[in-house]
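Student: Here is my input; please provide its structure:
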Amino acid sequence: MKILLLIIVLIHGAIHTMGFLKGFGIAEINELKSYISKPVGLFWLITTVLFLTTFLLILLGKEWWWMVAVPAVIVSQVLIILSWQDAKYGTIFNVIIFIASILAYGTWSFNTIVHNEIQAFLPVENAGKQIIKEEMLSDLPFPVQRWLRRSGVIGKELISNVYLNQKGEMRTKPDGSWMPFSAEQYFTLYKPGFLWLADVEAAPFITIAGKDKYDDGKGHMLIKLLSLIPVADAKGETIDQGSMLRYLGESTWFPSFALSKYVKWEEIDSLSAKVFMSYGNISASALFHFTEEGDILSFEAERYYQREETSTLEKWLVTVDGNSFKEFQGIRVPFKYNITWKLETGDFHWLKLEVTDIKYY
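Tutor: Numbering: from 1, shown residues only. Below is the predicted model of the structure:
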């Protein structure tokens with residue numbers, strides 16, 4: 001699509017030189033029978049420059065190329081109207097470029113919001129320089145201690161911030177089609193929070209931009225079709241609770257989270273432990289299951305499931321996909337997950353996720 005747009009912009013821009021050449025009497029243009037004065041011919045040249053500039057901006061990957069393309073289309077269409085019988089088919093190119101500009105504006109606008117969110121979300125300084133020692137694990141339940149040792153956090157710095165990349169597939173209903181997505185995510189531990197930014201391929205040439213945020217105890221989910229049309233803008237207590245539980249479930253990517261002051265642990269048996277988290281005005285709990293070796297096996301909780309008219313508490317299950325473990329900066333974590341809603345009507349397996357890279361800092 002980008003290549004096609006480049007071709008259209010380049011050809012359309014080049015065609016506008018014809019009006020300039022005729023207006024200044026430089027060449028005889030038989031295709032343009034209408035009279036073109038020199039001042040109007042100058043506008044044909046200006047339009048050519050605008051379209052060629054647009055071409056270069058798109059080629060260089062500048063998201064703000066639409067700022068040049070829209071004036072080019074407006075001036076071009078005025079010139080086409082003045083020479084309608086000769087140039088009317090140029091309207092088709094203008095419509096295509098204008099629609100592409102609207103979509104580009106949506107991407108630029110959404111990414112600007114995201115950039116500002118990232119700058120506001122990330123801490124100015126690294127809050128954690130403390131080295132994790134064996135004695136720091138003494139108050140934790142046995143399976144949690146074994147998990148932290150297995151993860152390799154002993155002797156390493158207490159993690160303060162995390163950045164990771166993901167890919168996977170999701171669907172919005174049990175019988176829906178799987179939609180591939182890619183995402184990046186930021187976490188803070190000293191003050192619990194995350195910022196998840198995703199691009200979802202809903203259909204050929206149809207994308208969905210998603211932003212899920214948990215900050216200062218509050219959750220906020222924003223989804224836009226083509227980065228432009230709002231599909232969901234969810235806030236409130238049920239979103240806050242769901243965001244907290246998501247944070248708990250994804251803490252398996254940064255195991256030293258288990259030592260955070262805002263969580264408490266209760267041993268259930270040698271292979272499971274319950275975690276309780278309170279932050280802001282929201283509290284939540286979840287159950288972790290481990291293997292005998294100390295690896296994470298699964299995570300389950302009662303989380304609000306968003307329905308059209310209301311939200312209901314349902315079992316939310318996160319399971320590690322087989323023996324999928326990797327070391328990132330010396331810390332062993334699971335990198336493939338399956339996420340399922342356990343509904344009365346049956347299991348709704350809605351997300352398959354793979355973490356491709358993690359950076360701790």
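Student: From here on, just use CA atoms for contacts and neighbour counts.
Tutor: Fine.
Student: what's residue 157 sitting at in phi/psi?
Tutor: phi -70, psi 150 (degrees, to the nearest 10).
Student: Counting by contacts, list what the host helix or strand of residue 104 packs against.
Tutor: If you go by DSSP states H and E, residue 104 is part of helix 90-121. For helix 90-121, the contact count by 3 or more CA pairs under 8 Å, 6 or more residues apart in numbering; DSSP states H and E identifies helix 2-15, helix 66-82, strand 193-203, strand 206-215 as packing neighbours.
Student: Redo those as a markdown table? Include mean neighbour count.
Tutor: Output for the helices and strands packed on helix 90-121, formatted as a markdown table (neighbours: other CA atoms under 10 Å):
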| stretch | mean neighbour count |
| --- | --- |
| helix 2-15 | 17 |
| helix 66-82 | 19 |
| strand 193-203 | 20 |
| strand 206-215 | 20 |
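Student: With mean pLDDT and distance to residue 114 added, can I get these in JSON lines?
Tutor: Below are these laid out as JSON lines (pLDDT from 0 to 100; distance: least, CA to CA, whole Å):
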{"stretch": "helix 2-15", "mean pLDDT": "95", "distance to residue 114": "23"}
{"stretch": "helix 66-82", "mean pLDDT": "97", "distance to residue 114": "19"}
{"stretch": "strand 193-203", "mean pLDDT": "96", "distance to residue 114": "8"}
{"stretch": "strand 206-215", "mean pLDDT": "96", "distance to residue 114": "8"}
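Student: right, and these - which one's nearest residue 251?
Tutor: Among the helices and strands packed on helix 90-121, strand 193-203 comes nearest to residue 251, with 10.5 Å by CA to CA.
Student: So in that sheet, which strands flank that closest one, and in what orientation?
Tutor: Here strand 193-203 has these sheet partners by DSSP bridges: strand 179-188 (antiparallel), strand 206-215 (antiparallel).
Student: quick check: angle from the last one to helix 90-121?
Tutor: Yep, that's strand 206-215 we're talking about. 20 degrees (axes from the mean of the first three to the mean of the last three CA atoms, to 10 degrees).
Student: Distance from the very next helix or strand once past strand 206-215 to the middle of the chain?
Tutor: Downstream of strand 206-215, the first helix or strand assigned by DSSP H and E is strand 218-225. Remark: strand 218-225 is offset 10 Å from the chain centroid, using CA atoms, centre = their mean, to the nearest Å.
Student: What pairs with the next helix or strand after strand 218-225, parallel or antiparallel?
Tutor: Using DSSP H and E, the helix or strand that directly follows strand 218-225 along the chain is strand 229-234. Here strand 229-234 has these sheet partners by DSSP bridges: strand 218-225 (antiparallel).
Student: circling back to that earlier point, of the strands paired with strand 193-203, give the one that comes closest to residue 321.
Tutor: strand 179-188 (17.5 Å).
Student: mean confidence for the closest one?
Tutor: Across strand 179-188, pLDDT averages out at 97.
Student: Show me which positions of that strand end up buried.
Tutor: Buried residues in strand 179-188, defined by neighbour count with 16 or more other CA atoms under 10 Å: 179-188.
Student: Could you do stretch 157-172 as well?
Tutor: Quick answer for stretch 157-172 (16+ other CA under 10 Å): 157-171.
Student: what's next to it, contact-wise?
Tutor: 126-132, 177-190, 254, 256-257, 350-361 (CA atoms under 8 Å, 6 or more residues apart in numbering).
Student: can you give me the angle the longest strand that the chain contains makes with strand 179-188?
Tutor: Longest strand in the chain, counting residues (DSSP state E): strand 346-360. Strand 346-360 and strand 179-188 are oriented at 50 degrees to each other (the same axes, to 10 degrees).
Student: what sits against residue 102?
Tutor: Taking CA under 8 Å, 6+ apart, one finds residue 66 in contact with residue 102.
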